[in-house]
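Visitor: Attaching a predicted model along with its sequence, questions to come.
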Amino acid sequence: MTHDDGQNRGDSLIRLAPSLLNADFGHLADQMAMVEAAGIDMWHLDIMDGHFCPNLSFGVPVVASISRCTNIPLDAHLMIADPMRYAPAFVEAGAGSITFHIETAPQPREMVRSIRSLGARVGVALNPDTPAETIAEIIDDVDLVLVMTVWPGFGGQRFIERCLDKIELLASQMSDEQWLQVDGGINRETIPDVVAAGADTLVVGSAIFHAADPRAETIACRELARRAALDSLEASS
């Protein structure tokens, strides 16, 4: 199934990217349809290898299955030790965006070039203790910067507040065409703070899929993010 790149989806100030890590895979298609009906911009796919982070999630065959049941763009977050070994397979499976971790890239410019040559959008992620300066040489070359606000490996962790300063710093260095994504502990409590810091793309996982009504929770998160973005615009004008 062909996916658009997500750049022109809707007119919201903030993009919502639910993570499927905490979804019920026994009823995955139904859960995806329910959340999509609430209005989302992309699906965030947490790919873990048990080496870079202490957990395993899902791989290429599952991504291919997800791709066949949605028209929403797929954003593959490769929390794996050797992202370029597997990036081509994830793009072939339907991922339109590939995000690698700077901690796994001794030659980050080559990583960016290689992923872009696959026809995918390129993102770079930073762990909570990785300084923003680590991506200085490639920040102008990527489409997306992902700030991890928990440690990679498990959903449902508590938001690390010290990451707000990093979000604010990176927001000041990025262009309007680039996306600043946050992932980890994003919920109704933390959304206003990350949006105020400058994030424009929110990965929400357990807050949606562990809610009694995932569709209603998705709507609530989107509206809260929209209001926070408007408040930030008004405060800066």
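Guide: Everything's here; your move. None of the values given here were measured: they were computed from a predicted structure.

Visitor: Going by C-alpha atoms from here, please, whenever you check contacts or count neighbours.
Guide: OK.

Visitor: wait, what's in contact with residue 109?
Guide: Residue 109 is in contact with 137, 138, counting by CA atoms under 8 Å, 6 or more residues apart in numbering.

Visitor: Now it: which helix or strand?
Guide: helix 108-116 (DSSP states H and E).

Visitor: Let me know the average pLDDT across that helix.
Guide: What helix 108-116 shows for mean pLDDT is 97.

Visitor: From here on, call the first residue 447.
Guide: With 447 as the first residue, the last one maps to helix 554-562.

Visitor: contacts for the next helix or strand after it?
Guide: Going down the chain from helix 554-562, the next helix or strand is strand 567-572, by DSSP H and E. Strand 567-572 has contacts (CA under 8 Å, 6+ apart) with 451, 542-549, 558, 561-562, 578, 581, 588-594.

Visitor: and after strand 567-572, which helix or strand comes next?
Guide: Using DSSP H and E, the helix or strand that follows strand 567-572 in sequence is strand 590-594.

Visitor: What about residue 587, how many residues nearby?
Guide: 15 (other CA atoms under 10 Å).

Visitor: Quick check: closest non-adjacent residue to it.
Guide: Using CA to CA, 6 or more residues apart in numbering and skipping the chain neighbours, the partner closest in space to residue 587 is residue 558 (7.5 Å).

Visitor: residue contacts, that neighbour?
Guide: 568, 584, 587, 588.

Visitor: cool, residue 499 as well?
Guide: So residue 499 contacts 525, 526, 598, 599 (CA under 8 Å, 6+ apart).

Visitor: top of those residues by neighbour count?
Guide: Counting neighbours by other CA under 10 Å, residue 525 leads those with 26 neighbours.

Visitor: What does the pLDDT read for residue 577?
Guide: Value for residue 577, per-residue pLDDT: 97.

Visitor: Kindly report the same for residue 502.
Guide: Residue 502 is given a pLDDT of 70.

Visitor: Confirm for me that it is in contact with residue 495.
Guide: Yes. Counting by CA atoms under 8 Å, residue 502 touches residue 495, with 5.2 Å between them.

Visitor: what comes up buried for the helix or strand bottoming out on mean pLDDT in the chain?
Guide: None of the helices or strands of the chain scores lower by mean pLDDT, DSSP states H and E than helix 660-682, at a mean of 92. If you call a residue buried by 16 or more other CA atoms under 10 Å, then helix 660-682 has these buried ones: 660-668, 670-672, 674-675, 678.

Visitor: which residues does residue 551 contact?
Guide: residue 557.

Visitor: and residue 462, that one's in a helix?
Guide: No. Residue 462 is assigned strand when assessed by DSSP: H, G, I helix; E, B strand; the rest coil, not a helix.

Visitor: Next, the contact list for it, please.
Guide: By CA under 8 Å, 6+ apart, residue 462 lies in contact with 486, 487, 488, 647, 648, 649, 650, 668.

Visitor: what about the first one, neighbour count?
Guide: Applying other CA under 10 Å, we find 19 residues neighbouring residue 486.

Visitor: same deal with the fifth one?
Guide: Neighbour count for residue 648, taken as other CA under 10 Å: 28.

Visitor: After the helix or strand hosting it, which helix or strand is next?
Guide: For residue 648, the host element (DSSP H and E) is strand 647-650. Per DSSP H and E, the first helix or strand lying C-terminal to strand 647-650 is helix 652-655.

Visitor: and that following helix, which residues are buried?
Guide: Those would be 652, 653, 654, 655, for helix 652-655 by 16+ other CA under 10 Å.

Visitor: What sits closest to the second one if chain neighbours are left out?
Guide: What that stands for is residue 653. residue 633 (5.6 Å).
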